[in-house]
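K.L.:
no letters, just coordinates:
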């Protein structure tokens, strides 16, 4: 346990930040899971709407340094690719 005031304050701040990061990651993961189930169930229109929300969440998480910027970009790219492939299989035309 730290003894100095600054170290005690840093410990409190780190705990708050950790809880915030966990909350943001949990929300992001559940939204991505929801998106993947929509894509697998061929609900392309709903998946498109959810993808916009995921883009926003990923950008905010990267801005707050919860996840790395390139990780957010990679996830956006892969999710978009999944949606495009599912749209091609369903209709034969790109989304």
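P.N.:
All right, it came through fine. Keep in mind it's a predicted model, so treat the numbers as computed, not measured. Numbering: from 1, shown residues only.
K.L.:
can you tell me the helix or strand for the closest residue in space to residue 64 that isn't next to it in sequence?
P.N.:
Once flanking residues are discounted, residue 64 sits nearest to residue 24: 7.2 Å by C-beta to C-beta, 6 or more residues apart in numbering. For the C-beta atoms, the positions are set from N, CA and C on the backbone; glycine is no exception. Taking DSSP states H and E as the definition, residue 24 sits inside helix 5-40.
K.L.:
what's downstream of that helix, the next helix or strand?
P.N.:
Following helix 5-40 in sequence, per DSSP H and E, is helix 44-63.
K.L.:
neighbouring contacts of that next one?
P.N.:
Contacts to helix 44-63, defined as C-beta atoms under 8 Å, 6 or more residues apart in numbering, come from residues 24-25, 27-28, 31-32, 34-35, 38-39, 67-69, 71-72, 75-76, 79-80, 83, 86-87, 90-91, 95.
K.L.:
how far off centre is it?
P.N.:
7 Å (C-alpha atoms, centre = their mean, to the nearest Å).
K.L.:
oh, and call the first residue 56 from now on, that's how I've got it
P.N.:
Sure, I'll start counting at 56 from here, so that last one is helix 99-118.
K.L.:
pull out the buried positions in that helix.
P.N.:
For helix 99-118, the buried set under the neighbour-count rule, 16 or more other C-beta atoms under 10 Å, comprises 99, 102, 105, 106, 109, 112, 113, 116, 117.
K.L.:
closest one of those to residue 57?
P.N.:
residue 116 (28.9 Å; C-beta to C-beta).
K.L.:
in this structure, what helix or strand scores lowest on average pLDDT?
P.N.:
helix 124-146 (a mean of 94; mean pLDDT, DSSP states H and E).
K.L.:
what residues sit buried inside that one?
P.N.:
Those would be 127, 130, 131, 134, 137, 138, 141, 142, for helix 124-146 by 16+ other C-beta under 10 Å.
K.L.:
stretch 69-79 now?
P.N.:
residue 79.
K.L.:
same check, this time on stretch 76-89
P.N.:
So, applying 16+ other C-beta under 10 Å, buried residues of stretch 76-89: 79, 83, 86, 87.
K.L.:
hang on, the earlier thing: isn't the residue nearest to residue 119 up against residue 120?
P.N.:
No. Using C-beta atoms under 8 Å, residue 79 is not in contact with residue 120, being 10.6 Å away.
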